[in-house]
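Chemist: Provided below are the primary sequence and the corresponding predicted coordinates.
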Amino acid sequence: MNKRFRPGVSFSDFVVRDSMSRRSKVGDEREERDFRRGWMLIMIVIAGFGLLWVRLVVLQGFYGERYRVLSDQNRVKKIKLSAPRGTIFDRNNLAIAKNHESGTMPAGRQVMNNGIEIKSYVREYPFGEAVAHVTGFLGRAGETEVGLIKSLERKYDADDLVGRAGLELQYEELLRGEDGGKLIEVDNMGGLSRDLGNKNPVAGTDLKTSIDGALSRVALDAMGGKKGAVIVSDPNTGEILALVSSPSFDPTKIADYLTSHDLPMFNRAISGVYPPGSTFKMITMVAAVDSGKVDLGYTYEDHGVIKVGDFSYTNWLFTKRGRTEGIVGFEKGLAHSVDTFFYKIGEMTSPQVMADWSYKFGLGDLTGIDLPGEVGGLVATPDWKEKTKGEKWFLGNTYHMAIGQGDLLTTPLQVNLMTNVLAT
């Protein structure tokens, strides 16, 4: 009766051993983990499809038009048809700047095989250096110019040629013309599928100038490479027949001149300022007589030198040869360019009156020639000297002004204009 009770023997169907309990717990935990993993996987799949759906909505709703345009750009090609630049003629209808068709450029290999080609042009300057400062030259559009909308609402592309100086720059909008284009559809191999449209280029406007190309060539040859300028004009009309700056340059080889110490690309005719020298004595004479400051019959006895305090102002003939001119009037004074005579009439006339007449003759201001880069020069007055230099005007300044020296600077073109006024 006292036998030990052994669980699991008599009630084996209802007694759970410790080992059996442990095995049951492990199994349940595995099932729970598998269940959680399954739901996580399902949630990840659902989230992935959700992200794809959202991305699809974004691409279609917000970027659909953009990608459609990009797709069309890959399918539709625009071929630029450059406009030929206008020709520049001289007064004799000879071209001084013109186009030369250099052949054709393919618009892509496959497209070219279907018969589409693009004409290309090279700018030529038949008179070369002789009229280079009149015609100017061309250069590629820079980074700041690409896409720039000009006055006629046209844009520059990266390969466009743009006027950089002279008439090429001054009349850029007229000479340039209007580019055309061709729209074509290409297949996946780049071949022509169909023609979608065509706009023919409009050639630039031709210009006719007053310049004589042959005369300009003679003028440049006469300079012999010396620094200076030659301007030939018709005093009756004011037309410029030749405007030459020496040394000059070849408009088709600009890179060869950029570092030259002779500054061949500097237009001395309109941008260089120099004392007019004895040419100014014509203005001194007109200012003296027309203002009534000096009588037309005035004479002066030249002794070769005028002394003012410790300063001496001499005549060129006395300085170079030790000779004097004797009795000098306006006719002899101008013909012999007698400095001492003009010192005296300048003194009687006054610097302000000479300055006023200088302005009437076009000095100290732009002439208005249709070339870029012109400068106005300088005509000094007593007020200008005091404000600019903080100095008083002395009699010696008046003497220097009367013979075209001192603070008096003109361009060769201004001297030409001044001479034309007197010639007429």
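Modeler: Yep, that arrived.
Chemist: for Gly139, what are its contacts?
Modeler: 161-162, 164, 254 (Cβ atoms under 8 Å, 6 or more residues apart in numbering). (Glycine included, C-beta is placed from N, CA and C.)
Chemist: Can you tell me which of those end up in strands?
Modeler: Those of those mapping onto strands are 161-162, per DSSP state E.
Chemist: With distance to Gly213, pLDDT and neighbour count as extra columns, can I get the contacts of Gly139 in JSON lines?
Modeler: Shown next, in JSON lines, are the contacts of Gly139 (distance: Cβ to Cβ, whole Å; pLDDT from 0 to 100; neighbours: other Cβ atoms under 10 Å):
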{"residue": "Leu161", "distance to Gly213": "22", "pLDDT": "91", "neighbour count": "18"}
{"residue": "Val162", "distance to Gly213": "24", "pLDDT": "93", "neighbour count": "17"}
{"residue": "Arg164", "distance to Gly213": "21", "pLDDT": "95", "neighbour count": "17"}
{"residue": "Ile254", "distance to Gly213": "20", "pLDDT": "95", "neighbour count": "16"}
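Chemist: Same list (the contacts of Gly139) but as JSON lines, adding distance to Ala203.
Modeler: Shown next, in JSON lines, are the contacts of Gly139 (distance: Cβ to Cβ, whole Å):
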{"residue": "Leu161", "distance to Ala203": "14"}
{"residue": "Val162", "distance to Ala203": "17"}
{"residue": "Arg164", "distance to Ala203": "21"}
{"residue": "Ile254", "distance to Ala203": "24"}
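Chemist: residues contacting Thr424?
Modeler: 235-236 are the contacts of Thr424 under Cβ under 8 Å, 6+ apart.
Chemist: what's the distance between the helix or strand harbouring Lys281 and the middle of its chain?
Modeler: Assigning secondary structure by DSSP states H and E places Lys281 in helix 281-290. Relative to the mean C-alpha coordinate of its chain, helix 281-290 is positioned 40 Å out (Cα atoms, centre = their mean, to the nearest Å).
Chemist: try stretch 388-397
Modeler: 39 Å.
Chemist: can I get the CA coordinates of it in PDB?
Modeler: Presented in PDB, the C-alpha positions along stretch 388-397 are these (Å, rounded to 0.1, in the frame of the first residue of the first chain):
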ATOM      1  CA  THR A 388      40.300 119.100 -63.400                       C
ATOM      2  CA  LYS A 389      43.900 120.000 -62.500                       C
ATOM      3  CA  GLY A 390      43.400 122.600 -59.700                       C
ATOM      4  CA  GLU A 391      45.500 125.000 -61.600                       C
ATOM      5  CA  LYS A 392      45.000 128.500 -63.000                       C
ATOM      6  CA  TRP A 393      45.100 129.300 -66.700                       C
ATOM      7  CA  PHE A 394      48.200 131.200 -67.800                       C
ATOM      8  CA  LEU A 395      49.000 133.200 -70.900                       C
ATOM      9  CA  GLY A 396      51.400 130.400 -71.900                       C
ATOM     10  CA  ASN A 397      48.400 128.000 -72.000                       C
END
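Chemist: Distance check, the closest residue to Tyr156 other than its chain neighbours against Tyr121.
Modeler: Distances taken as Cβ to Cβ, 6 or more residues apart in numbering place Ala141 nearest to Tyr156, at 4.2 Å, with adjacent residues excluded. For Ala141, the distance to Tyr121 equals 16 Å [Cβ to Cβ, to the nearest Å].
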